[in-house]
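Participant: could you work out the structure for the sequence below:
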Amino acid sequence: MKGIGKFIIIILLFGVYYQVNTQPKNNQNDTILKKQLKLDVKQNPLTKPLIDTLNAEQQYFELVTDSTEESEIPEYIYNLDSIPAHYLYLSWDTTDIHPYTFNYKTSFDSTLIQLDQTPNYQSFKMPVNGIITSSFGWRFRKPHFGTDIDLQTGDPVYAAFDGVVRISVPNRSYGKVVIIRHANELETYYAHLSKLNVTSGQKVKAGTLIGLGGNTGYSTGSHLHFEMRYLGIALDPEDFIDFKTGQLKVQSFKLTKDLIDKKYNLYKLGKKYKSRVYIKKGKKSNTKSHKVNKGKSSQSRSKKNKIPTKSTRKK
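Facilitator: Numbering: from 1, shown residues only. Here you go, the predicted model:
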């Protein structure tokens, strides 16, 4: 009996040893990586969002079933080297939509941005096909930093370029918004979505479904608010994308300080065009602005500039 008992104990110990040493190595590697990242956070705070990414991936795998196809499982970043253009931004903020304090006037004279280095612009995909309802520029005395594209609530919205999702959250003004960092050193914004289909830290390809169009946030109708930014500087998407054909206009472009001052720095331009209600690309506003000197009455100014007032308007 003693011999049989020893044999059973040996069998049980062997079974435990087998289970421990045949566990999937991915979970073991993730645990080691998390411990390493937690140590890195003390030296480099930029590492913290990567831990959140690992936790998000773990939650995702707990929700999927065994029938999930391998192609449907998203891929996530695991280290700072995997973040596109990290050498330029030196930050990876997964909560703040506008974290950058880049001063272009003192940081660079010009830079060449390669939008797409593949033949026939193969790494670009239109976020959504639709007519433009509002362009980049000043409107209603406020800057509009992107291009609005008409759509119906529930229409699919796609990533414009390959990249990694930095932001995928509900926001007060942008509504449900996705922000993607790309290897071409740009970030693209997709706002007012009705549904978010991606999470922070997830790798995406051009054409990946990232969400569904909607009317969330500060919005007066279903549309996609699309932005292209370089280090936080908003650029006019219509300068680079032909929204009628759905193709890129150029593969690369040179961004200079002078170009930013004359076209993209809307706050500076707003001081010049502060009386204009709406400026749309290709069309000039009918609103006129006049320099007003102190001491002049409104009636004398209106008479000089031939602008009718209540006292001069014909009844």
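
Participant: got the CA positions of stretch 187-194 in CSV?
Facilitator: What follows is stretch 187-194, C-alpha atoms only, in CSV (Å, rounded to 0.1, in the frame of the first residue of the first chain):
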residue,chain,number,x,y,z
GLU,A,187,-2.0,62.5,-36.3
THR,A,188,-5.5,62.2,-37.7
TYR,A,189,-8.7,63.0,-35.7
TYR,A,190,-12.1,61.4,-36.3
ALA,A,191,-14.8,63.1,-34.3
HIS,A,192,-18.6,63.0,-33.5
LEU,A,193,-18.7,59.2,-33.9
SER,A,194,-21.7,57.2,-32.6
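
Participant: what about that stretch, average pLDDT?
Facilitator: The pLDDT scores in stretch 187-194 average 97.

Participant: same question for stretch 237-249.
Facilitator: 93.

Participant: what's the local residue count around residue 214?
Facilitator: Neighbour count for residue 214, taken as other CB atoms under 10 Å: 23. (Each C-beta comes from the backbone N, C-alpha and C, glycine too.)

Participant: OK, contacts around it?
Facilitator: Contacts for residue 214 (CB atoms under 8 Å, 6 or more residues apart in numbering) come out as 153-154, 175-176, 192-195, 222.

Participant: what of residue 228?
Facilitator: 146, 186-189, 234-237, 240.

Participant: that one bridge partners, please.
Facilitator: residue 188, residue 235 (DSSP bridges).

Participant: so how far is residue 164 from residue 239?
Facilitator: Distance, residue 239 to residue 164, using CB to CB, to the nearest Å: 24 Å.

Participant: compare neighbour counts for the two and give me the winner.
Facilitator: Between residue 239 and residue 164, counting by other CB under 10 Å, residue 164 is the more crowded of the two (24 against 15).

Participant: pretty sure that one is touching residue 199, no?
Facilitator: No - Residue 164 lies out of contact with residue 199 (CB atoms under 8 Å); the separation is 10.8 Å.

Participant: ok so, going back, which ones among the contacts of residue 214 lie within strands?
Facilitator: Counting by DSSP state E, the members of the contacts of residue 214 that fall within strands are 175-176, 192-193, 195.

Participant: quick one, which of the residues you listed are buried?
Facilitator: 175-176, 192-193 (16 or more other CB atoms under 10 Å).

Participant: which of those residues lies closest to residue 94?
Facilitator: residue 176 (15.3 Å; CB to CB).

Participant: what residue ranges in this structure score low on pLDDT?
Facilitator: 1-72, 119-121, 271-315 (pLDDT under 70).

Participant: quick one: the helices in it?
Facilitator: 2-21, 25-43, 48-63, 86-89, 104-107, 257-259, 266-272, 298-305 (DSSP state H).

Participant: could you redo the contacts of residue 214 as TSV and give each row distance to residue 249?
Facilitator: Below are those laid out as TSV (distance: CB to CB, whole Å):
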residue	distance to residue 249
153	29
154	29
175	28
176	29
192	25
193	26
194	30
195	30
222	27
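
Participant: farthest pair within those?
Facilitator: 154 and 175, at 14.4 Å, using CB to CB across those.

Participant: residue 159 is in contact with residue 123, correct?
Facilitator: No - using CB under 8 Å, residue 123 is not in contact with residue 159, being 10.4 Å away.

Participant: which neighbours do the two share?
Facilitator: With CB under 8 Å, 6+ apart as the test, residue 123 and residue 159 both reach residue 206.
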